[in-house]
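J.: I would like to see how this sequence folds:
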Amino acid sequence: MIVINSDCVASGIYKYAKDHRLKQLLFICQENLAISGFLSFTIVDFQLKEIGSAAFQLVVSGEMEKNFPYTIIRSSFDSIS
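T.: Now for the predicted structure:
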């Protein structure tokens with residue numbers, strides 16, 4: 001399993017591993033780009049649009065605390081050990 005910030009970097013590592021016939025890897029990414037869906041990477045969705053909107057509202061309203069939800073989008077490879 002590899003936890004990686006960049007979906008594009010993960011796709012490069014995936015291609016390298018596939019080209020060199022290495023063991024299939026499980027990737028966990030966080031950008032949620034289209035390439036992650038095509039390659040079935042598991043994604044931690046931080047809902048950045050919602051956080052940005054809420055941050056703007058905090059600035060405008062003057063509120064100091066806010067909890068933000070997140071979603072883990074599991075890939076079909078999660079069952080592979």
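
J.: going by C-alpha atoms from here, please, whenever you check contacts or count neighbours.
T.: Fine.

J.: so who does the spatially most central residue of the chain touch?
T.: With distances taken as CA atoms, centre = their mean, Gln30 lies nearest the centre of the chain, 2.1 Å away. Residues counted as contacts of Gln30 (CA atoms under 8 Å, 6 or more residues apart in numbering) are Ile4, Asn5, Ser6, Asp7, Ile43, Val44, Asp45, Phe46.

J.: just give me the closest of these to Tyr14.
T.: Using CA to CA, Asp7 is the member of the contacts of Gln30 that lies nearest Tyr14, at 10.2 Å.

J.: quick check: the closest residue in space to the residue nearest to the centre of the chain that isn't next to it in sequence vs Asp19, distance?
T.: Once flanking residues are discounted, Gln30 sits nearest to Val44: 4.9 Å by CA to CA, 6 or more residues apart in numbering. In this view, Val44 and Asp19 are 26 Å apart by CA to CA, to the nearest Å.

J.: helices or strands next to the helix or strand Cys8 falls within in the packing?
T.: For Cys8, the element it lies in under DSSP states H and E is helix 7-19. Contacts defined by 3 or more CA pairs under 8 Å, 6 or more residues apart in numbering; DSSP states H and E place helix 7-19 against strand 27-29, helix 34-38.

J.: those: which one's closest to Tyr14?
T.: Comparing these by CA to CA, strand 27-29 comes nearest, at 8.5 Å.

J.: show residues contacting the closest one.
T.: For strand 27-29, the external contacting residues (CA under 8 Å, 6+ apart) are 1-7, 10, 36, 41-44.

J.: Gly52: which of those residues is nearest?
T.: Val44 (16.7 Å).

J.: next, the buried residues of the strand or helix carrying the closest one.
T.: In the assignment (DSSP H and E), Val44 maps to strand 42-45. Using 16 or more other CA atoms under 10 Å as the test for burial, strand 42-45 gives Thr42, Ile43, Val44.

J.: list the contacts for the second one?
T.: Think Ile43. By CA under 8 Å, 6+ apart, Ile43 lies in contact with Ile28, Cys29, Gln30, Glu31, Asn32, Ser36, Ile72, Ile73, Arg74, Ser75.

J.: all good on my end, thank you.
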